[in-house]
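In: Sequence and predicted structure are below.
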Amino acid sequence: MTHPVTVLGTEELRAAHDLFGGALFNGPVDDEGWEFRGASYAPGRTLGVHLDGTLAGTAMSFGTTTVVPGGAVLEAAAVTRVAVRADRTRRGVLSAMMRAQLDDVADRGEAVASLRATEARIYGRFGYGVATRGRSVRLRGSGAGWRPGAPASGSVRMLGPGEIIDVLSGLHERLALRRTGGITRSDGWWRAVVGRRLQAREPVIAAVHTGADGDDGYVVATPGARDGFTRPLHVEDLHAADAAATAALWRFVRDIDLVGDVEAHLRPLDEPLELLLADPRDCTVTGVADETWLRLVDVPTALAARTWAAADPVLLAVHDPFLERNAGVYRIADGTAERVGPLGGAVVPGLECDVAALAMAYLGDRTPSELAATGWWTCHDEKAPARADAAFATDVVPWCGTFF
C-alpha cells in the first residue's frame, strides 16, 4: 500500500511534533516548550501522511555536514522525529515517508543521511546501518582519584547561563569535524536542546578547557537526584581536541564538591578514561550501544569521498532496493572507488552486500571480514575479505557525539 506524502506547512509542525511526542508517551508540548522546539524544524523538511483527513505519520530532517575517513566533509541529512500514530501503524505509512524522504535528501545533494534509532529493528530495511557505537560509563565518586602523571595541563572555566550557547556552539563547530563521524549542529539544535533548559532555569554546568592554543574542549553536565548532600552528575555533552583536554574536563566534573558518581552515555569507544585513573576499576562500562545509523544516499559520491588505504583491488557488489541507481559493482583500488559495472554483469564481485551493511563498514566501525563472517556480506572470493579489510582500514574510531 502506498500513500501520498506531503511537505507539511508551518501551521502543521506543532501537530507533527505532538504526534512524535505521543509515540514516545509524552504529552503535547506547551507554548513555552514549542517556542524552543519549533525553532529546530527546518523549513520544507518535515513530511507527513494524512489518512482520513488526519495526520497519521511524520518525519523530518535538517541539513548538516559530516566528516568521513580521510577528512572529506559531506553534506548530510540528520533524520529525526519519525513517528506513526499507534492506530495507523502497519499500513505502509512509514515506508512511504522513508522513501519520499530519501528522494528528497538525494534531490538536495546530500550524499548521506543519519539518525538515532528508538528501535533497532526498524531502519535496516530502509538502508540504514549502524556506523558508530558508543559506551556508557560510570566514574565512581568514592574512587582512588587520578593517576599520577595523568595529563593536567591548561585551565577550565565555568560559563554563565547567558554565554553557554554562544560559546559552546562556536567551539563545537571547530571540534565536531575533527573525528570521523562527527556532524555540525544547527542553531535550532542548540535552542531546542540547551536553550529550553536554560529558559526553564534547570541546573546546567558548562565549562570550557583552554590549552596552549586556546579553547580546545568543553563539557555540559546536569545533576541528578540528591542523595543526602551529594548528587550524581550526568555528562550530557563533552567534546575535546585531544587527550589532555579530555582529561582536564573529566577531572573537572569529577572533582566538583558534593558530586557523587559521574555518568555518561554513548561516549567514544576509545576514550581513555581508565588510563587516567589511579584505579582503572573506578570506571565501569555499563553498556555499549548503537549511536549513528548511517544511510548512503549517493553511494558513488560517498565511496569516492572517503580515503582508502593501500590494498590490492576489491570488487564489491552493492544492492539498494530503495534507490536502485546506487546498485552496481564498485572497484576499490589505488586509493579510489568507482562503479565499474551493473549487478549481474560481466564484472564478477569478490564481495556482495546491501547498502545498510555497507554503511556498517563505511566509517570504519566494522571490518569487512567480520561482516562477511557473520553473514552481513556475502563472500565469493576467500581472499577478498582480507583485501577489503586493508582498503577500509582507518586509524580513527568513528564517533558522532550529537544526539538529535
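Out: Happy to help now that I have it. This one's a predicted model, so the numbers in the text were calculated from it and none came from an experiment. Numbering: from 1, shown residues only.

In: Where does the residue lying closest to Val208 once chain neighbours are set aside fall, secondary structure wise?
Out: Closest residue in space to Val208, ignoring its immediate chain neighbours: Tyr218 at 4.8 Å, by CB to CB, 6 or more residues apart in numbering. (Glycine included, C-beta is placed from N, CA and C.) For Tyr218, the element it lies in under DSSP states H and E is strand 214-223.

In: swap in Glu110?
Out: Assigned by DSSP H and E, Glu110 belongs to no helix or strand.

In: Quick check: mean pLDDT of the strand holding Tyr218?
Out: Mean pLDDT, strand 214-223: 98.

In: hang on, the earlier thing: quick one: the residue nearest to Val208 from Ile164, how far?
Out: Distance of Tyr218 to Ile164, given as CB to CB, to the nearest Å: 9 Å.

In: Residues that sit against both of these two, list them.
Out: Residues touching both Tyr218 and Ile164 by CB atoms under 8 Å, 6 or more residues apart in numbering: Ala206.

In: about what we covered before: could you count how many residues lie near the residue nearest to Val208?
Out: Neighbours of Tyr218 under the rule other CB atoms under 10 Å: 23.

In: related to what we said a few turns ago, the strand holding Tyr218 pairs with which strands?
Out: Here strand 214-223 is paired, per DSSP bridges, with strand 205-211 (antiparallel), strand 231-240 (antiparallel).

In: list the contacts for the nearest residue to Gly141 once chain neighbours are set aside?
Out: Once flanking residues are discounted, Gly141 sits nearest to Gly260: 4.0 Å by CB to CB, 6+ apart. Residues near Gly260 by CB under 8 Å, 6+ apart: Gly141, Ser142, Asp227, Thr230, Arg231, Pro232, Leu233.

In: Relative to Asp261, how far out is the third one?
Out: So the one you mean is Asp227. Note on Asp227: its distance to Asp261, by CB to CB, is 9 Å.

In: For the two, indicate the residue with more neighbours.
Out: Asp261 (20 against 11).

In: picking that back up, format the strands paired with strand 214-223 as CSV; extra columns: mean neighbour count, mean pLDDT and distance to Ala386.
Out: Shown next, in CSV, are the strands paired with strand 214-223 (neighbours: other CB atoms under 10 Å; pLDDT from 0 to 100; distance: least, CB to CB, whole Å):
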stretch, mean neighbour count, mean pLDDT, distance to Ala386
strand 205-211, 21, 98, 41
strand 231-240, 20, 97, 35
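
In: Export those strands as CSV, with columns for distance to Trp399.
Out: What follows is those, written out as CSV (distance: least, CB to CB, whole Å):
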stretch, distance to Trp399
strand 205-211, 18
strand 231-240, 10
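
In: Quick check: which of those is nearest to Glu370?
Out: Closest of these to Glu370 is strand 231-240, at 28.7 Å (criterion: CB to CB).

In: so what does the strand or helix carrying Leu315 touch, helix or strand wise?
Out: Following DSSP H and E, one finds Leu315 within strand 314-319. Strand 314-319 is packed against strand 328-333, strand 351-354, helix 355-362, helix 384-392, with contacts defined by 3 or more CB pairs under 8 Å, 6 or more residues apart in numbering; DSSP states H and E.

In: tell me the most buried of these?
Out: Mean neighbour count (mean count of other CB atoms under 10 Å) peaks for helix 355-362 among those, with a mean of 25.

In: which helices and strands sit right next to the longest helix seen in the chain?
Out: In terms of residue count, the longest helix belonging to the chain (DSSP state H) is helix 93-107. Helix 93-107 sits against strand 46-51, strand 54-67, strand 73-84, strand 112-115, with contacts defined as 3+ CB pairs under 8 Å, 6+ apart.

In: Can you point out the buried residues in it?
Out: For helix 93-107, the buried set under the neighbour-count rule, 16 or more other CB atoms under 10 Å, comprises Val93, Leu94, Ala96, Met97, Met98, Arg99, Ala100, Gln101, Leu102, Asp104, Val105, Ala106.

In: domain assignment for this structure?
Out: 6-110, 134-290, 298-392 (automatic domain parsing).

In: Show me what the mean pLDDT comes to for the strand holding Leu315.
Out: Rounded mean pLDDT across strand 314-319 is 98.

In: same thing with stretch 130-137?
Out: 98.

In: about what we covered before: the residue nearest to Gly141 belongs to a strand?
Out: Yes - under DSSP: H, G, I helix; E, B strand; the rest coil, Gly260 falls within a strand.

In: mind checking which of the helices and strands packed on strand 314-319 is nearest Gly57?
Out: Nearest of those (CB to CB): helix 355-362, 21.5 Å.

In: tell me the angle the closest one makes with strand 314-319.
Out: Put simply, helix 355-362 runs at 140 degrees to strand 314-319, going by axes from the mean of the first three to the mean of the last three CA atoms, to 10 degrees.

In: related to what we said a few turns ago, give me the contacts around the strand holding Tyr218.
Out: So strand 214-223 is contacted by 154, 164, 167-168, 171-172, 175, 194, 197, 202-211, 231-242, 245-246, 248-250, 252-253, 259, 262 (CB under 8 Å, 6+ apart).

In: Could you export the helices and strands packed on strand 314-319 as TSV, including mean pLDDT and distance to Val84?
Out: Formatted as TSV, the helices and strands packed on strand 314-319 follow (pLDDT from 0 to 100; distance: least, CB to CB, whole Å):
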stretch	mean pLDDT	distance to Val84
strand 328-333	97	33
strand 351-354	98	24
helix 355-362	98	21
helix 384-392	98	35
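
In: Now render the ones you listed as TSV, adding distance to Thr222.
Out: Formatted as TSV, these follow (distance: least, CB to CB, whole Å):
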stretch	distance to Thr222
strand 328-333	44
strand 351-354	40
helix 355-362	32
helix 384-392	38
